[in-house]
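*Asks:* Sharing a model that was predicted from the sequence below.
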Amino acid sequence: MSASTPLSDNAMQRKPTVIVTIGMAGAGKSTFVQRMNSHLHSRDPSRPPYILNLDPAVAHVPFEPNIDIRDTVNYKEVMKQYNLGPNGGILTALNLFTTKFDQVLDLVEKRSESVDHIILDTPGQIEIFTWSASGAIITDAIASSFPTVVAYIIDTPRTTAPATFMSNMLYACSILYKTKLPFILVFNKTDVEPHEFAIEWMQDFEAFQAALASHSGSRDSEGEPTYMNSLMNSMSLVLDEFYKHLKAVGVSSMTGDGIKEFFDVVEECRGTYEKEYLPELVAARAAREKSLQDVKEDSLNRFMKDLAVDRATNPQSTSNDRWESDEENNDDDDDDDTGDNLLIGEEPWPGQYIDVTRMRRQDEQINWPRPG
Ligand SMILES: Nc1nc2c(ncn2[C@@H]2O[C@H](COP(=O)(O)OP(=O)(O)OP(=O)(O)O)[C@@H](O)[C@H]2O)c(=O)[nH]1
């Protein structure tokens, strides 16, 4: 099956699950990828994960990727040649890599029989992946070939302030609605800060509002809630709906705590992908093909109508439209002997000019459509 073919349910059974790892710089994406890698290696050494590193600027990754963007694009050279800063360099490197992504997908397809998980590590500058055309192309391409889930890595110790938590959740929300893929919030670094507070805030917006009220700076000099405080209060109500679409786990990429639970959630999300994302994908493709077909039919109809009007207003043109009969063609052939054919009277020779438009197999019946 080609890499871009939408999958039937049966084919999907055998497909590996793709985990797209996204997160703010320093949240622990690469460490988390390495933790998944070692967990899957120890779970079944014969079926290790297939890893793609999409961060062109990373100096060192703690795992050995099977496909590494750094092997294809030299990010520093891109910066120099295009006179770009670091972010522009990463974005351009990702764009260049995306032009080859069909080949990457072919490679992944070839290995898909022997792996159960495909893991993508993305650039630290999160917006370069989540808000660029390249990021969307890569995500869509992979998600239309394999069951895919997004793992959004959160630096738990740095999310304990309600305002930071809210910003992180809003960002996660924007990615969820952009990709529409099953989404897992991974509260990382639980060895430093347990993630229970975050789960409580997600399940009980009153608990979040209480935390917000008790946080310093939530009231102005007159004792009124600040603008930010009121905004976050309202946002927490809005996000309540969003939390229903998410799964959340706490892990420590350092100690490995919670990683098994993470893979249990990945399995659940795979089911969600098959039930919700895949039918939508197939329907969207069918709709796109239908609209393309409609456009083609419409332009053909308009062309035929124009032709009919032209004939009605100018009957003489009909004879010009008429296709030449075989007899006339034969006459033409005779003319050719004196004009176009450069090899009059000569025996055919290897490499001789042959007009393939006049060649037909004996048994071939072609009924070319005639205008009108
Ligand atoms: N204590 C603790 N530290 C962690 C954990 N996960 C990652 N770290 C540390 O967090 C820092 C950043 O980790 P990385 O894996 O490089 O983070 P990243 O998101 O890939 O960073 P970028 O490449 O900048 O995007 C490193 O110092 C890690 O050792 C964890 O679970 N616990």
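*Replies:* It's in. Numbers count the residues shown, from 1 in each chain.
*Asks:* Now the stretch 101-250 of the chain against the ligand: closest residue?
*Replies:* Nearest to the ligand in the stretch 101-250 of the chain, going by C-beta to the nearest ligand atom, is residue 124, at a distance of 2.4 Å. Placement of C-beta: from N, CA and C, glycine included.
*Asks:* Let me see the contact set for residue 34.
*Replies:* Contact analysis of residue 34 by C-beta atoms under 8 Å, 6 or more residues apart in numbering lists 61, 62, 63, 253.
*Asks:* now it: how far from residue 156?
*Replies:* Residue 34 is 18 Å from residue 156, where distance means C-beta to C-beta, to the nearest Å.
*Asks:* give me the element residue 150 is part of.
*Replies:* Using DSSP states H and E, residue 150 sits in strand 148-155.
*Asks:* Show me the contact partners of that strand.
*Replies:* Applying C-beta under 8 Å, 6+ apart, the external contacts of strand 148-155 come out as 17-24, 26-29, 32, 139, 142, 168, 172, 175-176, 179, 181-189, 198, 262, 266, 269-270, 273, 277.
*Asks:* Tell me the buried residues within those residues.
*Replies:* Among the contacts of strand 148-155, those scoring as buried are 17-24, 27-29, 32, 139, 142, 168, 172, 175-176, 179, 181-189, 198, 262, 266, 269-270, 273, 277 (criterion: 16 or more other C-beta atoms under 10 Å).
*Asks:* OK, contacts around residue 165?
*Replies:* Contacts of residue 165 (C-beta under 8 Å, 6+ apart): 159, 198, 201, 208.
*Asks:* next one: phi and psi at it?
*Replies:* phi -60, psi -50 (degrees, to the nearest 10).
*Asks:* what about the longest helix in the protein?
*Replies:* What stands out as the longest helix in the chain, according to DSSP state H, is helix 278-313.
*Asks:* what packs against it?
*Replies:* Counting contacts by 3 or more C-beta pairs under 8 Å, 6 or more residues apart in numbering; DSSP states H and E, helix 278-313 packs against helix 317-321.
*Asks:* and residue 120, what helix or strand is that in?
*Replies:* Using DSSP H and E, residue 120 sits in strand 117-121.
*Asks:* Looking at residue 321 now. What's its pLDDT?
*Replies:* For residue 321, the pLDDT comes out at 60.
*Asks:* Skip the chain neighbours and tell me the closest residue to residue 185.
*Replies:* Counting by C-beta to C-beta, 6 or more residues apart in numbering, residue 248 is the residue found nearest to residue 185 once chain neighbours are left out, at 4.2 Å.
*Asks:* Centre of the chain to the helix or strand that neighbour falls within, how far?
*Replies:* Per DSSP H and E: residue 248 is located in strand 247-250. Strand 247-250 sits 23 Å away from the centroid of its parent chain (C-alpha atoms, centre = their mean, to the nearest Å).
*Asks:* likewise stretch 230-250?
*Replies:* So, by C-alpha atoms, centre = their mean, the centroid of stretch 230-250 is 25 Å from its chain's centroid.
*Asks:* and it, which residues are buried?
*Replies:* 232, 233, 235, 236, 239, 242, 243, 246, 247, 248, 249, 250.
*Asks:* Could you tell me the average pLDDT over it, please?
*Replies:* 83.
*Asks:* Just say helix, strand or coil for the nearest residue to residue 72 once chain neighbours are set aside.
*Replies:* Leaving aside its sequence neighbours, residue 72 sits nearest to residue 97 (C-beta to C-beta, 6+ apart; 5.5 Å). Under DSSP: H, G, I helix; E, B strand; the rest coil, the three-state class of residue 97 is helix.
*Asks:* Help me see whether the strand holding residue 120 makes contact with the ligand, please.
*Replies:* No: applying C-beta under 6 Å from any ligand atom, one finds strand 117-121 separated from the ligand by no less than 7.1 Å.
*Asks:* who does that strand touch, helix- and strand-wise?
*Replies:* strand 17-23, helix 29-43, strand 50-53, helix 133-143.
*Asks:* can you list those in a markdown table and add mean pLDDT and distance to residue 149?
*Replies:* Formatted as a markdown table, the helices and strands packed on strand 117-121 follow (pLDDT from 0 to 100; distance: least, C-beta to C-beta, whole Å):
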| stretch | mean pLDDT | distance to residue 149 |
| --- | --- | --- |
| strand 17-23 | 95 | 6 |
| helix 29-43 | 95 | 12 |
| strand 50-53 | 95 | 15 |
| helix 133-143 | 91 | 9 |
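*Asks:* The ligand: which of these is closest?
*Replies:* Per C-beta to the nearest ligand atom, nearest to the ligand of the helices and strands packed on strand 117-121: helix 29-43, 3.5 Å.
*Asks:* Report whether that closest one contacts the ligand.
*Replies:* Yes: judged by C-beta under 6 Å from any ligand atom, helix 29-43 comes into contact with the ligand at 29, 30, 31.
*Asks:* The longest helix of the chain vs helix 133-143, what angle?
*Replies:* Orientation of helix 278-313 against helix 133-143 (axes from the mean of the first three to the mean of the last three C-alpha atoms, to 10 degrees) gives an angle of 110 degrees.
*Asks:* For helix 278-313, buried residues please.
*Replies:* For helix 278-313, burial by neighbour count (16+ other C-beta under 10 Å) applies to 278, 281.
*Asks:* repeat for stretch 61-81
*Replies:* Buried positions in stretch 61-81, judged by neighbour count with 16+ other C-beta under 10 Å: 61, 63, 65, 66, 67, 68, 69, 70, 73, 75, 78, 79.
*Asks:* Could I get the residues you listed in a markdown table, plus columns for distance to residue 134?
*Replies:* Formatted as a markdown table, those follow (distance: C-beta to C-beta, whole Å):
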| residue | distance to residue 134 |
| --- | --- |
| 61 | 20 |
| 63 | 23 |
| 65 | 18 |
| 66 | 20 |
| 67 | 15 |
| 68 | 16 |
| 69 | 11 |
| 70 | 16 |
| 73 | 11 |
| 75 | 14 |
| 78 | 13 |
| 79 | 17 |
